[in-house]
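In: sequence-free structure coming up:
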């Protein structure tokens, strides 16, 4: 499968992700500058923090256009947590800012009626349609969430979703937490260790 590149955007726990990949016996490389992207066959984008700060770092480090070219070449890109959110067209956290625009959609503040934010805890995830990154994971499996923002994208770009609030089916769609997967752009809400297993076996 070649070398997995773990993007260092100066946000997130790189060591945990490196350990997860290493435990699979897969070669990995921490990518701290765009010039290293040709040395890897796929990229993981981790991240913990705000959308605006993440895009600020991606821009300052010179990753935005090289990542777009990497994805356009058909090479897999997996976003984890905040890394998944910056795959979107635009994010509102910290003030509206453009994203990598690899998956059409916006990351916006959730509006879960009387439920509190951030959303912290276990929720079951339902699969909308099959995709290789979902293979071996049971539909309806519980995953752990810690977030206040949701990725809203068109149904054709959404392969898995969970619901936080909105018992009325007519309003439920607006409160789905959507995770898009398009072509070789892969993302799903799971713990770092699970990302390593799924990514390594794809």
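Out: That came through, no problem. Since we're looking at a predicted model, the values are computed, not measured.

In: How about the secondary structure of the residue nearest in space to the middle of the chain?
Out: In the chain, the centroid-proximal residue (CA atoms, centre = their mean) is residue 84; its distance is 1.9 Å. Here residue 84 is helix, with the state taken from DSSP: H, G, I helix; E, B strand; the rest coil.

In: That one and residue 114, how far apart?
Out: Look at residue 84 and residue 114: by CB to CB, to the nearest Å, they are 27 Å apart. (Each C-beta comes from the backbone N, C-alpha and C, glycine too.)

In: Look at residue 172 and report its pLDDT.
Out: What the model reports for residue 172 is a pLDDT of 33.

In: same deal with the one 4 residues further on?
Out: With respect to pLDDT, residue 176 has a value of 40.

In: quick one on the thing from earlier: hmm, residue 149 and the residue nearest to the centre of the chain touching each other?
Out: No - contact criterion CB atoms under 8 Å: residue 84 and residue 149 do not qualify, at 10.8 Å.

In: How about residue 142, nearest residue that isn't a chain neighbour?
Out: residue 122 (4.5 Å; CB to CB, 6 or more residues apart in numbering).

In: for the protein, what spans make up the helices?
Out: 14-23, 51-60, 64-72, 82-85, 169-175, 192-201 (DSSP state H).

In: between the second one and helix 64-72, how many degrees?
Out: Helix 51-60 and helix 64-72 are oriented at 90 degrees to each other (axes from the mean of the first three to the mean of the last three CA atoms, to 10 degrees).

In: Show me the shaky parts of the protein.
Out: 1, 166-202 (pLDDT under 70).

In: can we see that at 80?
Out: Applying pLDDT under 80 to the chain picks out residues 1, 12-13, 47, 112-114, 131, 133, 154-157, 164-202.

In: which residues of it fall in strands?
Out: 4-7, 28-31, 42-45, 77-79, 90-91, 97-98, 106-109, 119-124, 126-127, 142-147, 149-152, 158-163, 176-180, 185-186 (DSSP state E).

In: Which elements pack onto the first one?
Out: This means strand 4-7. Packed against strand 4-7, as judged by 3 or more CB pairs under 8 Å, 6 or more residues apart in numbering; DSSP states H and E, are the following elements: helix 14-23, strand 28-31, strand 42-45.

In: Quick one, which of the strands of the chain gets closest to residue 68.
Out: Between residue 68 and the strands of the chain, the tightest spacing by CB to CB is seen for strand 77-79, at 9.7 Å.

In: The closest one - which strands sit beside it in the sheet, and in what orientation?
Out: strand 42-45 (parallel), strand 185-186 (parallel) (DSSP bridges).

In: residues touching the residue nearest to residue 2 when sequence neighbours are not counted, list them.
Out: Closest residue to residue 2 apart from its sequence neighbours, by CB to CB, 6+ apart: residue 41 at 2.9 Å. Applying CB atoms under 8 Å, 6 or more residues apart in numbering to residue 41 gives the contacts 1-5, 75-76.

In: Residue 115 too?
Out: Residue 115 is in contact with 164-165, counting by CB under 8 Å, 6+ apart.

In: Fine by me, thanks again.
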